[in-house]
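Visitor: Predicted structure and sequence below. I'll ask about it afterward.
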Amino acid sequence: MTTNKQKNLDRVRIIGVFAHVDAGKTTTSEAILYHTGRIHRAGSVDDGNTQLDYLAQERERGITITSAATACHWRDHRINLIDTPGHIDFSAEVVRSIRVIDGAVLILCGVSGVEPQTEAVWLHAERERLPRILLINKLDRTGADFERVMSQVQEQLTPKAIAVHLPIGHEDSFVGLIDLIAEQALVWYNGAERPIVEPIPAALQEQAARAREALVDAICETDDDLLTQWLEGETPDPATLRRALRRATLDGKLVPVLAAATRNQMGLEPLLDAIVDYLPAPTDMRPVLGVVPGTEEIVERSDDPAAPLCASVFKIVSDPHVGHLTWVRVFSGYLGVRDAVYNPRAGVEERVGRIYRMHGNEREQVDHLAAGDVVALVGIKSAATGDTLCDADFPIVLERYIFPAPVIAVALKAKLVDEREKLSQAVARLCSEDPTLSSQIDPETNELTLAGLGELHLEVTVDRLRTEFGIIPQISQPQVSYRETVQRAAEAVGRYKKQSGGRGHFAEVVLRVEPLDPGTGVVFENLAPPADFPTDFVKPTEQGVRSALERGVVAGYPVTDIRVTLLDGKYHQVDSAAMDFEIAGSMGVREAVRRAAPILLEPIMIVEMNVNEEYLGAVVADLGRRRGSVQGIRMRDSVRNIKGKVPLSETFGYATNLRSLTSGRGTFSLEFDQYHALPEALALETIRQRHEAGKVSVR
């Protein structure tokens with residue numbers, strides 16, 4: 001049984017499709033589904049009828065907002081495909097998708113080339129050591145240039161990229177491609193879906209010969225036996241070259257680059273062949289590693305249906321028809337409907353009610369899951385994104401995901417009093433689906449705030465409240481999510497004492513705070529002598545400390561990058577209780593922060609702009625007025641690519657401003673970089689406004 005299932009796994013590909021906005025990613029995914037017979041009509045992003053962009057907001061805006069999973073078959077292989085967003089505001093979908101796939105198809109626009117999200121996805125894939133192939137798409141568009149984009153790839157992404165195709169024709173005369181391994185031309189005549197195989201055109205034979213020699217040379221350098229043959233004048237046959245290129249791709253030694261115009265089906269079959277030929281099966285991947293819960297013991301799970309169950313939760317969706325859907329990638333094991341599954345983080349065991357294979361927003365019910373599957377489960381209420389589901393007798397916890405923190409927030413208010421609870425529940429549901437969204441009730445103003453990664457992120461989320469929950473809340477102007485930190489070490493005593501007849505309250509703690517490196521967060525340490533300070537009171541003290549830091553001290557923003565050390569304390573045998581130490585911890589840490597030269601931190605964004613040369617001076621000068629700086633300028637024909645940094649607070653409404661400066665021809669993207677000290681004058685004004693608005697806790 002294992003041998004047969006192992007053989008089946010060899011014919012499985014679990015891939016993600018990634019790209020910058022408007023590179024043709026969803027169009028390519030739709031074309032794959034159509035060409036493999038999964039759907040009978042390829043949807044169009046422009047017409048808003050795609051299978052994979054199924055949310056109303058996606059179809060209205062023509063962009064992908066949430067990742068979608070589907071599956072199709074090609075050459076007797078099953079391809080599990082995850083289509084992901086290209087906009088940086090929805091990068092959570094990219095982060096969690098990359099962790100559960102085995103290989104990636106990264107699509108570049110033949111006109112725009114390497115763009116910000118292209119580089120961001122590439123870095124994520126590098127960290128996960130994912131095998132990948134590149135597809136230079138839209139080669140039929142005006143301004144498309146395969147060689148120029150190829151140079152950008154080798155300069156900005158990796159020198160390991162090697163072309164396996166050459167385009168035939170340029171821009172609107174693009175009609176096909178040269179397969180350099182097979183030494184043949186593939187031509188799509190008059191919009192045909194299938195290519196005609198022809199000899200390489202005479203005008204391109206010399207160029208193709210040079211490109212093929214470079215390709216064979218690169219492949220042979222990754223294989224000692226082939227290199228020996230090559231140096232002895234023996235050229236490997238195409239099948240041998242493909243096997244060697246597959247090994248090199250899986251080992252990260254080479255990245256195949258393909259050519260296409262997938263909107264017109266051109267290059268689609270070679271892309272599907274490349275997915276099968278060069279991207280890994282689950283059996284090609286290293287066993288996934290995790291730890292036994294509560295220990296530091298490292299254990300592994302290989303892609304084997306006979307091994308203990310191990311699955312990673314990468315997405316939570318509230319489906320209006322079936323309820324709570326838990327999307328998982330199954331790394332090992334087998335599970336049937338009504339079988340129990342264990343969640344180590346929550347410490348609970350639950351039974352699977354139903355199992356679905358997902359095709360966009362359509363569901364296909366199946367009776368079991370096994371290694372190599374990407375499915376959605378019904379009945380798992382405890383799971384959150386990043387959780388591990390496993391066999392209770394063989395528990396394992398996989399590495400959790402790390403998502404970017406929200407940097408911008410709005411306040412939401414229900415228009416009707418009886419909608420307050422409905423609004424709160426709807427926001428909580430959306431936050432459970434998207435780990436880069438967060439919400440909280442302001443303890444001072446009782447105001448519901450929603451924080452996300454950017455203006456578009458929040459705009460789409462609020463729009464989903466309208467379309468999915470029927471709620472149209474009142475919304476404040478976007479506000480920057482500042483942070484607080486300290487500049488030096490300081491100590492303080494937190495003392496809580498209350499006596500009003502009968503049993504009293506008493507707790508005293510001595511705390512020290514000190515700054516940590518950016519991005520560290522809050523670290524709590526206990527150095528109190530156990531003989532003087534009972535361990536039962538340490539946890540309540542820490543809870544009080546963390547609660548106070550979350551509410552902020554000087555301006556009501558969370559305190560970060562700080563170590564809090566419990567040095568000592570006092571208690572009373574009768575009057576001391578856990579709650580007393582929680583209050584004392586809160587009081588003590590607030591006083592210690594006040595003594596440690598607290599400052600405000602503001603989010604700094606990486607900004608990348610594409611503008612025509614004639615507007616370069618005006619755009620750079622405007623960036624300077626916004627307290628920004630230029631990190632570099634690259635030339636792309638008549639277009640200048642400007643990369644810089646700018647405070648988030650200076651970017652609100654920037655799209656309108658850039659259109660004005662560039663006669664509507666400039667584009668830009670923003671990505672969070674780091675928190676940095678807010679200038680003192682701006683910090684003082686922000687603190688004053690927060691106090692006047694009643695957003696600063698006094699306890």
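Guide: That came in fine, so what should we check first?
Visitor: hey, which strand is longest across this structure?
Guide: strand 598-612 (DSSP state E).
Visitor: Mind jotting down where the helices sit in the stretch 51-200 of the chain?
Guide: Taking DSSP state H, counting those that start in this stretch, the helices of the stretch 51-200 of the chain run over residues 56-61, 91-98, 116-127, 146-152.
Visitor: possible to save the ones you listed as JSON lines with distance to residue 573, mean pLDDT and mean neighbour count?
Guide: (Each C-beta comes from the backbone N, C-alpha and C, glycine too.) Output for those, formatted as JSON lines (distance: least, CB to CB, whole Å; pLDDT from 0 to 100; neighbours: other CB atoms under 10 Å):
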{"stretch": "helix 56-61", "distance to residue 573": "60", "mean pLDDT": "66", "mean neighbour count": "16"}
{"stretch": "helix 91-98", "distance to residue 573": "50", "mean pLDDT": "84", "mean neighbour count": "23"}
{"stretch": "helix 116-127", "distance to residue 573": "53", "mean pLDDT": "85", "mean neighbour count": "19"}
{"stretch": "helix 146-152", "distance to residue 573": "72", "mean pLDDT": "95", "mean neighbour count": "18"}
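Visitor: mind putting those helices in CSV, distance to residue 186 included?
Guide: Supplementary listing: these in CSV, determined by distance: least, CB to CB, whole Å:
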stretch, distance to residue 186
helix 56-61, 32
helix 91-98, 30
helix 116-127, 26
helix 146-152, 15
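Visitor: of the ones you listed, which approaches residue 28 most closely?
Guide: helix 116-127 (14.5 Å; CB to CB).
Visitor: what's the span of stretch 160-177, first residue to last?
Guide: End-to-end distance of stretch 160-177 (CA to CA, to the nearest Å): 21 Å.
Visitor: Now do the buried residues in it.
Guide: For stretch 160-177, a neighbour-count test (16 or more other CB atoms under 10 Å) marks 160-169, 171, 174-177 as buried.
Visitor: Residue 446: which of these is nearest?
Guide: Set against residue 446, the nearest of the buried residues of stretch 160-177 by CB to CB is residue 161 (54.8 Å).
Visitor: could you pull out the strands for the stretch 251-400 of the chain?
Guide: Applying DSSP state E, counting those that start in this stretch to the stretch 251-400 of the chain gives strands spanning 255-259, 288-291, 298-301, 310-319, 323-332, 334-336, 340-343, 348-351, 354-359, 362-366, 368-370, 374-378, 388-390, 397-398.
Visitor: nope, the stretch 551-699 of the chain is what I meant
Guide: In the stretch 551-699 of the chain, the strands defined using DSSP E, counting those that start in this stretch lie at 562-570, 598-612, 629-636, 639-647, 667-677.
Visitor: strand partners of the third one, parallel vs antiparallel please.
Guide: In its sheet, strand 629-636 lies beside strand 639-647 (antiparallel), with partners assigned from DSSP bridges.
Visitor: again, but for the first one
Guide: As defined by DSSP bridges, the strand partners of strand 562-570 come to strand 505-515 (antiparallel), strand 522-526 (parallel).
Visitor: For residue 340, which of the ones you listed is the nearest?
Guide: Comparing those against residue 340 with CB to CB, the closest turns out to be strand 522-526 (35.7 Å).
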